[in-house]
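# I need the structure of the sequence given here:
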Amino acid sequence: MHSFLALIFCALLAFAGAQPSPVVPKGFVTQRNGEFRLNGKPFNFVGANSYWVPLLTKKEDVHATFREMQGAGIKVLRTWGFNAINGSELALARETDLTYYQVWNSTEWVINDGPQGLQRLDYVIKTAGLYGIKVILAFTNNWVGYGGSELYVNWIAGAGSTHDVFFSDPRIIASYQRYVTVIVNRYKNSPNIFAWELMNEARCLGDLPAGPNCVAGTNLLSHWYKQQSDYVRSLDSYHMITTGGEGHFYWPDKNVGFWHNGVFISDYNFNGQAGEDFDADLQLENIDFGTYHIYPQYWYTLLDTPSSTNFTIKDWGLSWIQDHADSAKKANKPVILEEFGVSGLQNKTEIYPEWVGLALKTRHAGIMPWQFGMTGLKEDNRVFKYADYIIDGASPNDGFAIYKNQTAVWNIFA
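So this is what the prediction gives:
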């Protein structure tokens, strides 16, 4: 009887031109009206960025890391769902026990499904759930680190190609989607996944320069975000999807910029040169929430001098936070401050509380400093790659890592 009534209900919906919403499995986070929801209740969080957790070789270290995250009240981990190498690096990777998921020897890559490959990511995602932590998984990197998009460019498009062909070459897009399919199909039934992330910090340029097809107003990145988010949705009806972008705007009418030595410089974060259009990208049907990053200390090196304007990294960050909150409110979607960092202990203790305070006031759904630091690891002293290393039990520190023994900074987020 109940199934008969359900058929009638669905038929009435179809007749009215509506489609029934899919019933989201228990434990999956969704978004509605500008907030995240989990099992019918609002879900807001302090999160952690930790790309190095899948690089750990000792299971006890994985547990210890999640236990420390749990103790600090962290609910969401953001990490890389990619680790790719060239075939020429394979022997060294095996010798050093480096985690790798893809091996490139030609225009086609080979997946590593073994104990030094995706089985390590399996263990991270499984263990996260044991500690009540969900995972944002990024599919690739805009930068060279850990085998990002430019491996696709170099192997498929070839030498001399610009970075932005990653977003337009049909062969590269097909290869990217093949990898996405592997990852999504592997974890799409897991409630431990918070969301899929299309790329970390997509831009027109990367370690390779940009080409003429990706300049302000071309919307190349917006088209790519739509194409890939639609593709991921075709594979997975339930998990959320986001861009992983830095949150660049395209405001051609506002002519945002700054003066330096008597010269007006158009601002890369607002002029569309990066390729993103945060306002438009957040409106895409299958982009469920917005992400943005804050590193003004490194983005505005020309201004970070005593002889310059009244620019301060704290105030610029506050303005950037407000801009993204306003955009998210218009889109009626959640936004998370997904990465942010300043160097110097005094900077951290003075600036982070101000940034976090405004993010909370403007109803950000998540706050994720870069990056989570861990001490007491049992791993031997070892280099991962790109000068990232574990020494004396401490996780990699790029100047932004926040360790528990740095009480003044740790307590801002704990």
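# doesn't residue 245 lie inside a helix?
No - per DSSP: H, G, I helix; E, B strand; the rest coil, residue 245 lies outside any helix segment and is coil.
# what is the burial count for it?
29 (other CB atoms under 10 Å). C-betas here are computed from N, CA, C, even on glycine.
# so it sits against residue 281, correct?
Yes - using CB atoms under 8 Å, residue 245 is in contact with residue 281, at 6.8 Å.
# for these two, list the residues in contact with both.
Listed as contacting both residue 245 and residue 281 by CB atoms under 8 Å, 6 or more residues apart in numbering are 221, 225.
# excluding sequence neighbours, find me the nearest residue to the residue most central in space within the chain.
The centre of the chain sits closest to residue 244, judged by CA atoms, centre = their mean, with a distance of 3.8 Å. Leaving aside its chain neighbours, residue 244 sits nearest to residue 197 (3.9 Å; criterion: CB to CB, 6 or more residues apart in numbering).
# show me what contacts that neighbour?
78, 81, 136, 137, 138, 139, 241, 242, 243, 244, 291.
# partner residues bridging it?
Listed by DSSP bridges, the beta-bridge partners for residue 197 are residue 138, residue 242.
# buried residues in stretch 322-337, which are they?
Using 16 or more other CB atoms under 10 Å as the test for burial, stretch 322-337 gives 323, 324, 325, 327, 328, 331, 333, 334, 335, 336, 337.
# check which helix or strand the last one maps to.
When you say that, I think you mean residue 337. strand 335-340 (DSSP states H and E).
# kindly report the same for the second one.
Element membership of residue 324 [criterion: DSSP H and E] is helix 313-331.
# for the chain, what are the low-confidence residue spans?
The model of the chain has pLDDT under 70 over residues 1-22, 304-309.
# quick one, helices of this protein?
2-15, 59-71, 90-96, 118-130, 149-152, 170-187, 220-235, 278-282, 296-299, 313-331, 345-361, 407-413 (DSSP state H).
# what's the closest of those to residue 26?
Residue 26 lies closest to helix 118-130 among the helices of the chain, at 12.8 Å (CB to CB).
# hmm, who's touching the closest one?
The contact list for helix 118-130 (CB under 8 Å, 6+ apart) reads 53-57, 59, 62-63, 66, 77, 79, 81, 99, 101, 111-113, 134-135, 137, 186-187, 190-193.
# kindly report the same for stretch 37-49.
Defining contact as CB under 8 Å, 6+ apart, one finds that stretch 37-49 is touched by 26-31, 35-36, 69, 72-79, 136, 336, 338-339, 365-372, 413.
# just stretch 54-74 next, same as before
Outside stretch 54-74, the residues within contact range by CB under 8 Å, 6+ apart are 45-48, 50, 53, 77, 79-80, 83, 97-99, 120-121, 123-124, 127-128, 130-133, 372, 374, 376-379, 384, 395, 404, 410, 413-414.
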